[in-house]
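Participant: can you look at this prediction? I've put the sequence above it.
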Protein chains: 2
Amino acid sequence: MTKKDHILECAEELFAENGYDGTSVRALAQKAGVNIAMISYYFGSKEELFANLVEYRVSVLRERIQGIQKVDASSMEKMERLIDVYVDRIFSQFRFHRILHRQISLQRRSELNELIIQVLMKNVDEVRKLINEGIESGEFRKIDADLLIVTLTGTVSQLTLSSALSSRIMGVETEGCYFKDDQVTDRIKVYMKDLVSQLLLK
Amino acid sequence: MTKKDHILECAEELFAENGYDGTSVRALAQKAGVNIAMISYYFGSKEELFANLVEYRVSVLRERIQGIQKVDASSMEKMERLIDVYVDRIFSQFRFHRILHRQISLQRRSELNELIIQVLMKNVDEVRKLINEGIESGEFRKIDADLLIVTLTGTVSQLTLSSALSSRIMGVETEGCYFKDDQVTDRIKVYMKDLVSQLLLK
DNA sequence: GTTTAATTTAAACGTTTGTTTAATTTTGCC
DNA sequence: GGCAAAATTAAACAAACGTTTAAATTAAAC
């Protein structure tokens, strides 16, 4: 891992903990064990570092979902596979996911936010296609596919973003974080698969 | 409205837009049209102002839900009423809701975060009681009530927090914000009622 | 081994931050 | 009207911010 990547990893951790504005360049340099000038040297500015972090992570975002589409299976089987992939992926990159959604939760419109939304919408379109195919083939009942996507992403986002609250709701102790507890992630997957089958199957 | 309240309203707006760390005391004073020293004069510090804002808003949080419990109705009717109340309430205070969840999405544990979670958990407990009563009476099928709550709050949070994304998903133009569009809120309520009935009824 | 470029450093840059001061104006009360 | 309390002001505070500089060190190339 290059030093540049190391700085990005540290930035990811600090941004997730304290937010973008709450993280100073000095604190980042100290955590990464580099001189403060190295941030400007590598990235130009703090904001460019952030943009770099987004690009650093989103490149793998879409491929997984597209992989599901290609498999020859029923729409419900695809949906279940989607849930496995989605939950695993978000949970394994929960820090980045947290930063991403904290950023777009700011109302101010920036180019960075536009970029983030564009990337996420590509994934949304993939999922919507999957749901609508199920509806058109008659396998699924008619449902507001848009809002179902909001529910699926919203549920997972709630679990990752507000983990301090969610762990209390679920009654699981969160030494470290529950994302890495297989028992908990299984519980979430089982629940979400039950959710989509109840909502989609006739 | 007192001047103090006026400052809190302005703070709510700025915090929702730029985040807590992203909002300077000077910018707040300017928006509120008061001298910068008035913030310290009224609240002591920026952080105390934030705590004051939380208390300013959460006092009405619980009463509405508790009101539903007292009505003599079926569990499903209560759930539907809950959705109406919850969606209306969050949407009417979407700025505050945004600030609240942005705050607890920070991993650092502060007394303020503990306070927020405690308040929110009281509401969670009310809803869980409602669901579990329906299950015990046999009206509802057995379901992971904890995660259903995560889904309900997560869906609404996704709609309010990431409104720029959600509006794109739903395909609604968001001149101003869609929270005030009755047609959209109705669509959301209809969807959520369908969701709970599909998930809870046998 | 010398030279050139890349990397790293300590120090300082000018702003902006949250907060405080001390003087001034406004308000309410007798 | 006079007086004490409350409200408001402009100015300044030290500290922290993101960024830049120019010198020192390391690495690579010939």
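Facilitator: Sure thing, it's come through.
Participant: so which elements touch the helix-or-strand element of chain A with minimal mean pLDDT?
Facilitator: Least confident helix or strand of chain A, by mean pLDDT, DSSP states H and E, is helix A:61-70 with a mean of 81. Secondary structure elements in contact with helix A:61-70, counted by 3 or more C-beta pairs under 8 Å, 6 or more residues apart in numbering or on different chains; DSSP states H and E, are helix A:75-92, helix A:111-136. In this view, the C-beta of every residue, glycine as well, is placed from N, C-alpha and C.
Participant: give the buried residues for the last one.
Facilitator: By neighbour count, with 16 or more other C-beta atoms under 10 Å in any protein chain shown as the criterion, the buried positions of helix A:111-136 are A:112-113, A:116-117, A:119-120, A:123-124, A:126-128, A:130-131, A:134.
Participant: again with the first one
Facilitator: Of the residues in helix A:75-92, those with enough neighbours to count as buried (16+ other C-beta under 10 Å) are A:75-76, A:78-83, A:86-87, A:89-91.
Participant: so where is chain A shaky, pLDDT-wise?
Facilitator: A:59, A:61, A:176 (pLDDT under 70).
Participant: so which residues on chain A come close to DNA strand D?
Facilitator: Proximity of chain A to DNA strand D, by C-beta under 7 Å from any atom of the strand, involves residues A:23-27, A:36-37, A:39-40, A:44-47.
Participant: what's the most distant pair in the residues you listed?
Facilitator: Using C-beta to C-beta, the residues of chain A next to DNA strand D span at most 18.7 Å, a distance reached by A:27 and A:44.
Participant: wouldn't residue A:95 be in contact with residue A:16 here?
Facilitator: Yes. Assessed by C-beta atoms under 8 Å, residue A:95 is found in contact with residue A:16 at 3.9 Å.
Participant: output the residues of chain A next to DNA strand D as JSON lines; include the columns distance to DNA strand C, neighbour count and secondary structure.
Facilitator: Shown next, in JSON lines, are these (distance: C-beta to the nearest atom of the strand, whole Å; neighbours: other C-beta atoms under 10 Å in any protein chain shown; DSSP: H, G, I helix; E, B strand; the rest coil):
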{"residue": "A:23", "distance to DNA strand C": "14", "neighbour count": "21", "secondary structure": "coil"}
{"residue": "A:24", "distance to DNA strand C": "11", "neighbour count": "13", "secondary structure": "coil"}
{"residue": "A:25", "distance to DNA strand C": "10", "neighbour count": "16", "secondary structure": "helix"}
{"residue": "A:26", "distance to DNA strand C": "8", "neighbour count": "10", "secondary structure": "helix"}
{"residue": "A:27", "distance to DNA strand C": "14", "neighbour count": "14", "secondary structure": "helix"}
{"residue": "A:36", "distance to DNA strand C": "6", "neighbour count": "15", "secondary structure": "coil"}
{"residue": "A:37", "distance to DNA strand C": "4", "neighbour count": "10", "secondary structure": "helix"}
{"residue": "A:39", "distance to DNA strand C": "9", "neighbour count": "21", "secondary structure": "helix"}
{"residue": "A:40", "distance to DNA strand C": "9", "neighbour count": "13", "secondary structure": "helix"}
{"residue": "A:44", "distance to DNA strand C": "13", "neighbour count": "12", "secondary structure": "coil"}
{"residue": "A:45", "distance to DNA strand C": "13", "neighbour count": "11", "secondary structure": "coil"}
{"residue": "A:46", "distance to DNA strand C": "12", "neighbour count": "16", "secondary structure": "helix"}
{"residue": "A:47", "distance to DNA strand C": "15", "neighbour count": "12", "secondary structure": "helix"}
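Participant: no further queries at this time; thank you.
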